[in-house]
Each structure stands twice: as C-alpha cells, then as structure tokens.
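Student: Sharing a sequence plus its predicted fold:
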Amino acid sequence: MDETITRYPSTGPIFLQGGPLYVARPGQLYATYPGLTLEEYAALNSLAIERLLESLNAAAEAEQFAQRTASRSRSEGDESGWRARTTPPAGSIGYTGSYREPSADVVEVSVVSVLEARGPD
C-alpha cells in the first residue's frame, strides 16, 4: 500500500473510503500502522480485492493521463488560451484581493464594558 500511495497519491482517498489503514491490537493503547499489502488491507476491511484493484487502477491511470497531458501541453505550448502562472502574484503574501484596510471611523469597544452597562438579560 505504501508504494501505491507514494507513486499515485490520487489513490489515497480510495484507501480512506475503504476503511481504516491501522490495526487495533487487544491490550495495546495505540493502533499500529503496519505495512499492509493490498490483499491484507482488503481482508482487514472486508473488501473485494477485485473491486479494490479496479478502483486503484482507474485512479492510477487517470493520474498518469493527467501527467502526460500536462507535460505535453507544457512542451507544445498551451493552445487553450490559458497561461500557466510562472511567477507569484504581486502584493503582500497572505492577503486576498478583497482585503480592505480597516476604516478610520470604526470604534473599538470592550465587550465587557458593553455588557456591564446593559446588565444581565
């Protein structure tokens, strides 16, 4: 399983949906994460190995196709009109385009002082 997830990260959600990746052993406080094979994982979570393999193969093939088409469009030049961003956006990091500086007419008031003046409800 480790090799599959490392090589094809898109298979991770399939494993998470299939069941836990850990083994709970009686008498141990913490679960263990042994290096399970695909067959052991399927047996642990009562999954049909054939269906698991079909799902994993489909995800891996889709990821390979996406990588091939992405590398091909980069090498040939993208004809779709979209440009890949090569430099980070200008401006301060951490602020979105909709960020506005606080208005000068905003008055800060302590919540405690407002509650003391108003009293309990």
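Tutor: Structure received.

Student: which of the residues in stretch 3-20 are buried?
Tutor: Residues of stretch 3-20 classed as buried: 4, 8, 10-11, 14-15, 18 (neighbour count, 16 or more other CB atoms under 10 Å). Heads up, the C-betas are built off the backbone N, CA and C, glycines and all.

Student: Closest to Leu38 out of those?
Tutor: Thr4 (7.1 Å; CB to CB).

Student: Skipping its backbone neighbours, what lies nearest the closest one in space?
Tutor: On the basis of CB to CB, 6 or more residues apart in numbering, the spatially nearest residue to Thr4 that is not a chain neighbour turns out to be Thr11, at 5.5 Å.

Student: so that neighbour makes contact with Glu54?
Tutor: No: the pair formed by Thr11 and Glu54 falls short of the contact definition of CB atoms under 8 Å, at 12.0 Å.
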